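# build me a model from this:
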Amino acid sequence: MSHPQSYELLLIPDHSRTRSGAPGRPLRSAVVAATGETGASGYPRYAGEGMEADIDPATRTVEAVLIDGEELDYGMSVRVAEADGGRPASR
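Below is the predicted model:
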């Protein structure tokens, strides 16, 4: 199975939601590229711009992530940006 070579990731505070319930503005974004490795989660590993993530290419779900070498703080989430404008879809 062929995997995407890169994704744009968005770091979003969980408490920031728009009136429609969609995620708020990202605090940071990064383009991550495939490393050719598989992460501990079993999904392909992507890295770049201080972010390292295991991403399920079938669902575009971030399964594991490090930000500047650290685990994600409570109250934060990382999502794959949508191709049509960078905002993640509401889930």
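
# so how far is residue 20 from residue 62?
According to C-beta to C-beta, to the nearest Å, residue 62 stands 22 Å off from residue 20. Where C-beta positions appear, they are placed from N, C-alpha and C, glycine not excepted.

# neighbour-wise, which of these two wins?
Using other C-beta atoms under 10 Å as the criterion, residue 62 and residue 20 rank with residue 62 on top: 23 against 6.

# list the contacts of the more buried one.
Taking C-beta atoms under 8 Å, 6 or more residues apart in numbering as the definition of contact, the neighbours of residue 62 are 9, 53-55, 78-80.

# in this protein, where is pLDDT below threshold?
Counting by pLDDT under 70, the chain shows low-confidence ranges at 1, 16-19, 21-23, 84-91.

# show me which strand runs longest in it.
Across the chain, the longest stretch assigned as strand under DSSP state E is strand 28-38.

# return the distance of that strand from the chain's centre.
The gap between where strand 28-38 is centred and where its chain is centred comes out at 9 Å by C-alpha atoms, centre = their mean, to the nearest Å.

# stretch 58-68 now?
5 Å.

# what sits against the closest residue to residue 5 other than its chain neighbours?
With sequence-adjacent residues excluded and distances taken as C-beta to C-beta, 6 or more residues apart in numbering, residue 5 is closest to residue 34, at 5.1 Å. With contact taken as C-beta under 8 Å, 6+ apart, residue 34 is in contact with 3-6, 44-46.

# next, count neighbours for residue 50.
Counted with other C-beta under 10 Å, the burial measure for residue 50 works out to 14 neighbours.

# make that residue 82, sorry
Residue 82 - counted by other C-beta under 10 Å - has 13 other residues nearby.

# same thing with residue 83?
For residue 83, the tally of surrounding residues (other C-beta under 10 Å) stands at 9.

# can you point out the buried residues in stretch 20-36?
Applying a neighbour-count criterion of 16 or more other C-beta atoms under 10 Å, the buried positions in stretch 20-36 are 23, 26, 30, 32, 34.

# ok, these vs residue 68, which is closest?
Distance to residue 68 across the buried residues of stretch 20-36 (C-beta to C-beta) is lowest for residue 30, with 10.2 Å.
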